[in-house]
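Visitor: Here is the input, now give the coordinates:
(4 chains)
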Amino acid sequence: MRDIRLLTQTFFPGALIGPFTQANPGLGGVCTFVGEVRPDSEVEALELSHYEPLTLPGMHALADRAFDRFTLMGLLIVHRVGVLHPGEPIVCVSAAARHRRDAIDAVDFCMDHLKSAAWFWKREKRADGWHWIEPRSDDTRDLARW
Amino acid sequence: MRDIRLLTQTFFPGALIGPFTQANPGLGGVCTFVGEVRPDSEVEALELSHYEPLTLPGMHALADRAFDRFTLMGLLIVHRVGVLHPGEPIVCVSAAARHRRDAIDAVDFCMDHLKSAAWFWKREKRADGWHWIEPRSDDTRDLARW
Amino acid sequence: MVLLGKLADLAGTPTLTLAPPSSAPLDWDGVIAALPPALAAAAGDPRNRVAVNGALLADKADLQADAGDEIALLPPVSGG
Amino acid sequence: MVLLGKLADLAGTPTLTLAPPSSAPLDWDGVIAALPPALAAAAGDPRNRVAVNGALLADKADLQADAGDEIALLPPVSGG
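Guide: Predicted structure coming up:
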């Protein structure tokens, strides 16, 4: 079961994971990562923009790579775009597999590659207005693990 | 927030993860692994027995190691004992952290070490009765990763 | 032309229409020449990527856009 | 004495009461000698671990149990 989505409204990861788990009968384990907008006293909101002709195809291509690389029964990749507030979920990746190692490694792999597979530009709203978030060098280090 | 439990009745991971996430305000990410009893056409039930004076202290000692090793805000380790049926959750480990890598690595670490930290003996019920499950060599390989 | 991230802010709009090239297809130098100066300087950042009709170009020097093509200018993505 | 895993099956019971040692504390050889023969053979598996009152012993040779102590005999845990 493969479920790849871009959402423009807030979502409840628990409401996705229950049906996802049910849709993969025979699984041994499910690993799920949920990323949230970290509260920061100075940040009122976060906006994610994207280039639609690249984003969803990029997420599907990443799912293809994960299915090729790991023995998976199901993979869920859900990402928010638009304006988010602190504490809201921004990304949810869940992998169902017969074996634990495949489920955990697939989630780790997808999270490390999501930024290079689907491009998002982020800006933060502070008291003095919107500020673009610059690229970070850690991302390259995460990719070098694979 | 630290929540370490042994349960004798079936449980719904989603009902644990929501409150766990809420109990760790300021988190950046939550990683959760849920292991289920794999359906196997020949297995009717699985029984986990344990030695109570070692099990829960072992799980708490494992949580201590995870908190020492990773920068965590919260850790949930829930394990079933007793008789389980195929498809029922057997273990749920969830880690909340400011950063993704700590959350994912803590879950991976706890899952790899749970078997050596808290001992469970398993037997399967098949058409011809109960059969003990023998030790497996993979477990040593998983521990050698850390 | 679609501008992403802070390039849209710089341009004051997420999309620009470039005058169609007089004869030959539009190349990367032609795009830069057609942009307002402040945006042209930012667009020249070598980390920017270019896509035509949703397909990323390996090299901006490969750009050959005809009238009606959608050129997207993609700055480096945000960390975090 | 508490028997875990398949040792409980072999003994037909999860707990056994051993006769208190006559004088000195009970050691590992004394435990083995006090068990029924089939169980004594299985208990001798070097992979088994022993705990006294909930504390694992690093070495079974360290066993020194007094009357009332709970000795647990723990076979290797199951895979999976």
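
Visitor: how far out from the middle of the chain is the helix or strand hosting A:R123?
Guide: Assigned by DSSP states H and E, A:R123 belongs to strand A:121-126. Centroid separation for strand A:121-126 versus its chain: 18 Å, with C-alpha atoms, centre = their mean, to the nearest Å.

Visitor: Relative to that strand, what are the paired strands and their orientations?
Guide: strand A:45-49 (antiparallel), strand A:129-132 (antiparallel) (DSSP bridges).

Visitor: mind putting those in CSV, mean neighbour count included?
Guide: Yep, even glycine has a C-beta here, placed from its N, CA and C like the rest. Formatted as CSV, these follow (neighbours: other C-beta atoms under 10 Å in any protein chain shown):
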stretch, mean neighbour count
strand A:45-49, 19
strand A:129-132, 13
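
Visitor: mind checking which of those is nearest D:E70?
Guide: Nearest to D:E70 among the strands paired with strand A:121-126 is strand A:45-49; the distance by C-beta to C-beta comes to 56.6 Å.

Visitor: Which of the strands paired with strand A:121-126 sits closest to B:I77?
Guide: Nearest of the strands paired with strand A:121-126 (C-beta to C-beta): strand A:45-49, 31.5 Å.

Visitor: Quick one: low-confidence residue ranges for chain C.
Guide: C:21, C:23, C:79-80 (pLDDT under 70).

Visitor: quick one: C:M1 and C:T15 touch, right?
Guide: Yes - counting by C-beta atoms under 8 Å, C:T15 is a contact partner of C:M1 at 6.6 Å.

Visitor: how about the strand holding A:R123: buried residues?
Guide: Buried residues in strand A:121-126, counted by 16 or more other C-beta atoms under 10 Å in any protein chain shown: A:W121, A:K122, A:R123, A:E124, A:K125.

Visitor: cool, and stretch A:58-70?
Guide: A:G58, A:M59, A:L62, A:A63, A:A66, A:F67, A:F70.

Visitor: just stretch C:26-36 next, same as before
Guide: For stretch C:26-36, using 16+ other C-beta under 10 Å, the buried residues are C:L26, C:D27, C:W28, C:G30, C:V31, C:L35.

Visitor: quick one: the strands in chain A?
Guide: A:2-7, A:29-36, A:45-49, A:74-80, A:82-84, A:89-97, A:121-126, A:129-132 (DSSP state E).

Visitor: so which of the ones you listed comes closest to B:G29?
Guide: strand A:29-36 (4.6 Å).

Visitor: Is that closest one in proximity to chain B?
Guide: Yes - applying C-beta under 8 Å from any C-beta of the partner chain, one finds strand A:29-36 in contact with chain B at A:G29, A:V30, A:C31, A:T32, A:F33, A:V34, A:G35, A:E36.

Visitor: Please dump those into JSON lines; it should also carry neighbour count, distance to B:I77 and pLDDT for every row.
Guide: Output for those, formatted as JSON lines (neighbours: other C-beta atoms under 10 Å in any protein chain shown; distance: C-beta to C-beta, whole Å; pLDDT from 0 to 100):
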{"residue": "A:G29", "neighbour count": "24", "distance to B:I77": "15", "pLDDT": "95"}
{"residue": "A:V30", "neighbour count": "28", "distance to B:I77": "16", "pLDDT": "97"}
{"residue": "A:C31", "neighbour count": "28", "distance to B:I77": "15", "pLDDT": "98"}
{"residue": "A:T32", "neighbour count": "27", "distance to B:I77": "16", "pLDDT": "97"}
{"residue": "A:F33", "neighbour count": "25", "distance to B:I77": "17", "pLDDT": "98"}
{"residue": "A:V34", "neighbour count": "29", "distance to B:I77": "18", "pLDDT": "97"}
{"residue": "A:G35", "neighbour count": "24", "distance to B:I77": "22", "pLDDT": "96"}
{"residue": "A:E36", "neighbour count": "23", "distance to B:I77": "21", "pLDDT": "94"}
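
Visitor: so which of the residues you listed are also by chain D?
Guide: Within the residues of strand A:29-36 next to chain B, nothing lies near chain D by C-beta under 8 Å from any C-beta.

Visitor: which among those gets closest to chain C?
Guide: A:G35 (9.4 Å; C-beta to the nearest C-beta).

Visitor: Surely the closest one is in contact with B:L27?
Guide: No - using C-beta under 8 Å, A:G35 makes no contact with B:L27, being 9.3 Å away.

Visitor: got the contact list for the residue lying closest to A:C110 once chain neighbours are set aside?
Guide: The shortest distance from A:C110 to any residue other than its chain neighbours is 4.7 Å, reached at A:V93 (C-beta to C-beta, 6 or more residues apart in numbering or on different chains). Neighbouring residues of A:V93 by C-beta atoms under 8 Å, 6 or more residues apart in numbering or on different chains: A:T32, A:F33, A:L75, A:L76, A:I77, A:V78, A:V107, A:C110, A:M111, A:L114.
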